[in-house]
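Enquirer: heads up, no residue letters with this:
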């Protein structure tokens, strides 16, 4: 099986497992990734997902060998992205745990994730530049939004690789790990997120995603709509009661009710 899934309490761990192709994603793997994240979105027992790759590599992009044989990933105007879940807009956070290479379509998968935990010796880059393979899975959109137009142009035009320390400095990665520890660190982070009040976190995450398509007035209205739903759920009042009872003193936090 090219995609391995396991659960760790409220955390779903999704592993691309095609080590003979450096975890390059073919059509079958893309379809499976789409299915896995669709199921994650509606599974009430799961709060956070971690996406990673086996054998020390995150993902080398689309499977160019399959493309050369006429059995490449789907490139359609509608439906799933060529790499699978990249057109899904989830309310739950997804964390990329990056070792080795996250390049070409692999960097597009990493950019789709909400957070990126990257090993110091890992590399992200638009390596498909050298093969005439375009970014068609959100890379030209998410990269400028994430790190700014100037830095994005550098990576998109040159195709150069970016190591862990530079990636953190430019905002491409959120956390830096020692080699071999990215997955463990990502799972720890996932459990930290899963312990927070979920309605509020998902509401704010969704608002931060939806605002890209809206002007300021509509974005503020959308934030209000989502925030009010959180308040009406009772989660905000419950948090206020915990605070009044002493949680939060000395910087401490308390789990949700």
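Expert: Nice, I can see it. Here the structure is a predicted model, which means the values were calculated and not measured.
Enquirer: For the rest of this, base every contact and every neighbour count on C-alpha atoms.
Expert: Noted.
Enquirer: Tell me, what's the model's pLDDT at the nearest residue to residue 122 once chain neighbours are set aside?
Expert: Once flanking residues are discounted, residue 122 sits nearest to residue 100: 4.4 Å by Cα to Cα, 6 or more residues apart in numbering. Here the pLDDT value assigned to residue 100 is 98.
Enquirer: Please apply the same query to residue 77.
Expert: pLDDT, residue 77: 79.
Enquirer: And residue 149, by the same measure?
Expert: With respect to pLDDT, residue 149 scores 98.
Enquirer: give me the number of residues near residue 221?
Expert: 14 (other Cα atoms under 10 Å).
Enquirer: Am I right that it is in a helix?
Expert: Yes: remark: residue 221 belongs to a helix, assigned using DSSP: H, G, I helix; E, B strand; the rest coil.
Enquirer: just to revisit the earlier point, now for the residue nearest to residue 122: which residues touch it?
Expert: 56, 57, 58, 119, 121, 122, 123 (Cα atoms under 8 Å, 6 or more residues apart in numbering).
Enquirer: Distance of the third one relative to residue 227?
Expert: Right, residue 58. Residue 58 sits 35 Å away from residue 227, going by Cα to Cα, to the nearest Å.
Enquirer: Kindly report the same for residue 78.
Expert: Counting by Cα to Cα, the gap from residue 78 to residue 227 is 30 Å.
Enquirer: Look at these two and report which has more neighbours.
Expert: The neighbour comparison of residue 78 against residue 227 (other Cα under 10 Å) goes to residue 227, with 20 against 7.
Enquirer: I figured that one hits residue 202, correct?
Expert: No: using Cα atoms under 8 Å as the test, residue 227 is too far from residue 202 to be in contact (10.0 Å).
Enquirer: Could you verify that residue 96 is part of a strand?
Expert: Yes: under three-state DSSP, residue 96 sits within a strand.
Enquirer: and it, how many neighbours?
Expert: Residues lying near residue 96 (other Cα under 10 Å) number 30.
Enquirer: Confirm for me that it is in contact with residue 117.
Expert: Yes: counting by Cα under 8 Å, residue 117 is a contact partner of residue 96 at 6.0 Å.
Enquirer: Pull up the overlap in contacts between these two.
Expert: residue 186.
Enquirer: What's the end-to-end length of stretch 117-124?
Expert: Length of stretch 117-124, first residue to last, Cα to Cα: 12 Å.
Enquirer: An error on my part: the question was meant for stretch 67-75.
Expert: First residue to last in stretch 67-75 (Cα to Cα) measures 11 Å.
Enquirer: Same check on stretch 98-109?
Expert: Start-to-end, stretch 98-109 (Cα to Cα) is 11 Å.
Enquirer: same check, this time on stretch 206-223
Expert: The first and final residues of stretch 206-223 sit 9 Å from each other (Cα to Cα).
Enquirer: low pLDDT regions in the chain?
Expert: Residues of the chain that meet the criterion pLDDT under 70 lie in 1, 68-72, 248-257.
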